[in-house]
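**Q** Okay, predicted coordinates and the sequence, questions at the end:
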Amino acid sequence: MTFTSVAAPSTYAGTPKRGPVTRLLEDERWLALVLLIPTLVLLGLFIAYPFFKGVELSVTDTKVGVPGHFVGLQNFEKIWNDSIFHVAVWNTCLYTFVTTVFKLALGLWLALLLNHHFKGKAFTRAFILLPFIIPTVLSTLAWKWMFDPTFSVINWGLFRLGLIEGRINWLGDPNLALISVIIVNVWRGVPFYAISLLAGLQTISPELHEAAAIDGARAWQRFRHVTWPLLLPVTLVIVLFSVIQTFADFQLVYVLTGGGPANATQLFATYAYQLGIGTGLLSEGATISLAIFPVLLLVVIVQLLYIRRVETH
Amino acid sequence: MARIDRRRLLRLSGAGAIAAGSGGLAAILATGRAPAYAQGTSLHWLRWADFVPASDKLLKEKIAPQCEKALGIKLNVEMINANDLQARVTAAIQSGTGPDIIMLLGTWPQLYADSVVDVSDVAEEIGRAQGGYYDTQRTLATIGSKWIGVPWAVGGGLVTYRKSWLAQAGAEKFPATWDEYRAIGKKLKAAGHPYGQTAGHTFGDAPGWWYPYLWSWDGKEVAEDGKTVVLNSKETIESVKFAVPLWKETMDEGGLAWDDSSNNRAFLSGSISATNNGASIYLEAKKKPDSYLTESGKPMKDDILHTKIPKGPGGQFNLGGGFTDILMSYSKNQKPAKDFLRWVHTKPVFEEWFTSQQGYTSGATMEWEEDPVWDVDPVLRPFRDLPRSGRLVGYAGAPNRNAAEVVTKYIIVDMYAKAIQGMAAEDAVKWAHEELMKIYG
């Protein structure tokens, strides 16, 4: 009997009373679900709903203020035959490819420089982020002034240096216009690459470099066989994010050229805006936006598979 | 905010009820007082940020308080960049909430006709009372016999030019034909004073120049049935063929990248000698006579004149741009909104705003041609007659949704831009014709 009295009482006086919710949350599966709910709600509201709404719009003939009827794939057929859409596809692919290559190369170079110890390192790192921090519209307006056909400070500088005799028509010449928007995108995107790659570089143990140096590896060999393989998974994730963002770029081109001259800088997003908002053809705008999806999906799948392979090895 | 006691509210409401009951504008004018609404009634009016800032200031600081006093309606006037208006309208219509009244430009009201209130009663009253609307304004604000908006004013472009520079090039009067315009332009460009015009993607000045240019050569988008695309014609090809040397020999070639404010800056900085524009360049030069000077140090405003674009085989036109107020069907303040529109268009109220424009816009009704504002400054007087030579996009058809799509896709502008960039005139016209076929299909 004594033994029985020593056993813990069924309700311990010092323990607060636990309600059914607390008891439920003690089960990790339920707790996980509850913790995930805010994220799920946010993703549902801002990602899933617009996406499915976009799909719904693309198979109807909805216009602003006019409910649409189901038209199947008619909108896709229309954009397939649309010469401006073809230009936008080509421009977007070229724009994304060229900017990504330059952003990666310059970002990596900058990250490697910033990974060294030097005086004013913290200040330089913060300063380099500026293009990324300034709202895109504001910085692009500044670039617009710099490219202005009449008042371009770049032209003025080149002229003063004796490098040019006439004006360079930065945004008026179709090829130069695309190059100009590429330059601005690279300028804006390099800090993101540099700081993210720098974070990646700092996770690489210096001991590995030291060991390689002792074994006689030169700087390039150390980069090629130590730094690069260890940095690759981070790099691929950064490139993935960057490609998605660049593919859907809007503000920069909208402010700089509005897609002109003669659609020379028209991208998916600017053309979708032009049709969806400018003309009120919501379904056609949504169709163009959605046309990006399969391309991006393919890019994401290939990259994620590659990342998994790299990590497994 | 001024307090209104119960007696005053009843008194005002009584006058309002009588006015409303006995027939709108006439009654408002007769009683001298418009219908009053209970405290708390507010109206949200969305407009573009005017190129004449003094007019926006007047609306906010004087007309809004007057409105509250006269109608008991708190008027919230919001001005945004014209380029952003369509995004706001789209969001408002799709979400069913937003401004009660929105002022739109050009053909835009046609795009939102299914989401607006029939304002035929208000528009017809104003038209009858003020000498009738110009045809272009009526067309922009109606579908069939239904008014989808109340025309506010007419904007449009005339060539703003430096008379001394043109005189130096041998033109005592502005060139009357395209050939003369080209010949003088050659000399001007050689002297470092080219003409300046945009061929870029910008909503106002690009269609404002290239559509009238096309019409002056007798080119047109569609036939009178409004369906048959007739752009690919001998006339259009001729216009494109002429546009290329005109551009290279006479224009500032940076214009391919210009937006709506670029030509203003270029003109005021003395880089160009002529450009098709509203009166905003002259008004700015007039506002700051000490800042904008000619090369001889005199105020630039005294060297500026306005005139129509040269005449071509098809005639002489300008793009009939209208500003139209649409009343949104989701608005819960439709009655106050209509009464506000009646009130704001009464002569004493509208005249204050109209005078503040100094000639930047013309009235939408013909009565405003007689307004004393046109006697103040002879340089601005040519804008008075602008609405009479206006033509609308989509000619010879209606300025409907299809015509608006052609504008927003910049097809006519790009037809010329492509040729300027080197495409053969025939190919550029063929491309534009095919794009129009897809739209008018």
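**A** Everything's here; your move. Residues are numbered from 1 along each chain as shown, chains lettered A, B, ... in the order given.
**Q** Which strands or helices does the one helix or strand residue A:142 maps to pack on?
**A** In the assignment (DSSP states H and E), residue A:142 maps to helix A:136-147. Under the contact definition 3 or more CB pairs under 8 Å, 6 or more residues apart in numbering or on different chains; DSSP states H and E, helix A:136-147 sits against helix A:153-160, helix A:174-202, helix A:251-256. (Each C-beta comes from the backbone N, C-alpha and C, glycine too.)
**Q** ok, 6 Å please
**A** Packed against helix A:136-147 by the contact rule (3 or more CB pairs under 6 Å, 6 or more residues apart in numbering or on different chains; DSSP states H and E) you find helix A:251-256.
**Q** Please state the offset of the helix it packs on from the chain centre?
**A** Averaging C-alpha positions (CA atoms, centre = their mean, to the nearest Å) puts helix A:251-256 16 Å from its chain's average.
**Q** can you count the residues close to residue A:197?
**A** Neighbour count of residue A:197, defined by other CB atoms under 10 Å in any protein chain shown: 23.
**Q** can you pull the buried residues of stretch A:221-230?
**A** Neighbour counts using 16 or more other CB atoms under 10 Å in any protein chain shown place A:222-223, A:226-227 of stretch A:221-230 among the buried residues.
**Q** could I get those residues as TSV with distance to residue B:341?
**A** Below are these laid out as TSV (distance: CB to CB, whole Å):
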residue	distance to residue B:341
A:222	75
A:223	71
A:226	74
A:227	69
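**Q** Just the closest of the residues you listed to chain B, please.
**A** residue A:223 (41.5 Å; CB to the nearest CB).
**Q** Next one: that closest one, what pLDDT does it get?
**A** According to the prediction, residue A:223 has pLDDT 89.
**Q** Check residue A:14 too.
**A** With respect to pLDDT, residue A:14 scores 56.
**Q** hang on, residue B:46 in a helix?
**A** No - going by DSSP: H, G, I helix; E, B strand; the rest coil, the assignment for residue B:46 is strand, not a helix.
**Q** State the three-state secondary structure for the closest residue in space to it that isn't next to it in sequence.
**A** Spatial nearest neighbour of residue B:46, excluding adjacent residues (CB to CB, 6 or more residues apart in numbering or on different chains): residue B:99 at 3.9 Å. Recorded secondary structure, residue B:99: coil (three-state DSSP).
**Q** ok, the residue in the stretch 1-150 of chain B positioned nearest to chain A - contacts?
**A** Residue nearest to chain A within the stretch 1-150 of chain B (CB to the nearest CB): residue B:115, separated by 3.4 Å. Neighbour list for residue B:115: A:65, B:93, B:329 [criterion: CB atoms under 6 Å, 6 or more residues apart in numbering or on different chains].
**Q** ok, 10 Å please
**A** Each residue near residue B:115 by CB atoms under 10 Å, 6 or more residues apart in numbering or on different chains is listed here: A:64-66, A:280, B:89-90, B:92-94, B:96, B:148, B:326, B:328-330.
**Q** Same check on residue B:436?
**A** Per CB under 10 Å, 6+ apart, neighbours of residue B:436: B:221-222, B:229-232, B:402-403, B:405-406, B:409, B:411-412, B:415.
**Q** got it, and residue A:21?
**A** Residue A:21 sits in contact with A:30, A:34, where contact means CB under 10 Å, 6+ apart.
**Q** Closest residue of the stretch 151-300 of chain B to chain A?
**A** Nearest to chain A in the stretch 151-300 of chain B, going by CB to the nearest CB, is residue B:254, at a distance of 2.3 Å.
**Q** since we're on residue A:169, how many residues are nearby?
**A** When neighbours are counted by other CB under 10 Å, residue A:169 registers 22.
**Q** backbone phi and psi for it, please?
**A** phi -90, psi 70 (degrees, to the nearest 10).
**Q** That one contacts residue A:261, doesn't it?
**A** Yes - with contacts counted by CB atoms under 10 Å, residue A:169 reaches residue A:261, the gap being 9.5 Å.
**Q** Tell me the residues that contact both of these two, please.
**A** Joint contacts of residue A:169 and residue A:261 (CB under 10 Å, 6+ apart) are A:177, B:255-257.
**Q** Show me which positions of stretch A:248-258 end up buried.
**A** Residues A:248-249, A:252-258 are the ones in stretch A:248-258 that count as buried (16+ other CB under 10 Å).
**Q** quick one: which of the shared contacts of residue A:169 and residue A:261 is nearest residue B:287?
**A** In terms of CB to CB, no member of these lies closer to residue B:287 than residue B:255, at 25.1 Å.
**Q** Can you give me the pLDDT of that closest one?
**A** pLDDT at residue B:255 comes out at 93.
**Q** Next, count neighbours for it.
**A** Residue B:255 has 30 nearby residues by other CB under 10 Å.
**Q** For the stretch 51-200 of chain A, which residue gets nearest to chain B?
**A** residue A:149 (2.3 Å).
**Q** What is the neighbour count of that residue?
**A** Neighbour count of residue A:149, defined by other CB under 10 Å: 25.
**Q** Can I take it that it is in a strand?
**A** No - per three-state DSSP, residue A:149 lies outside any strand segment and is coil.
**Q** Wait, it touches residue B:251, no?
**A** No - Residue A:149 lies out of contact with residue B:251 (CB under 10 Å); the separation is 11.3 Å.
**Q** where do the contact lists of the two overlap?
**A** Joint contacts of residue A:149 and residue B:251 (CB under 10 Å, 6+ apart) are residue B:196.
**Q** how near is the residue nearest to residue B:46 to residue A:179?
**A** Counting by CB to CB, to the nearest Å, the gap from residue B:99 to residue A:179 is 41 Å.
**Q** what does the stretch 51-200 of chain B put close to chain A?
**A** Contact residues (CB under 10 Å from any CB of the partner chain) of the stretch 51-200 of chain B with chain A: B:83-94, B:96, B:108, B:110-116, B:196, B:198-200.
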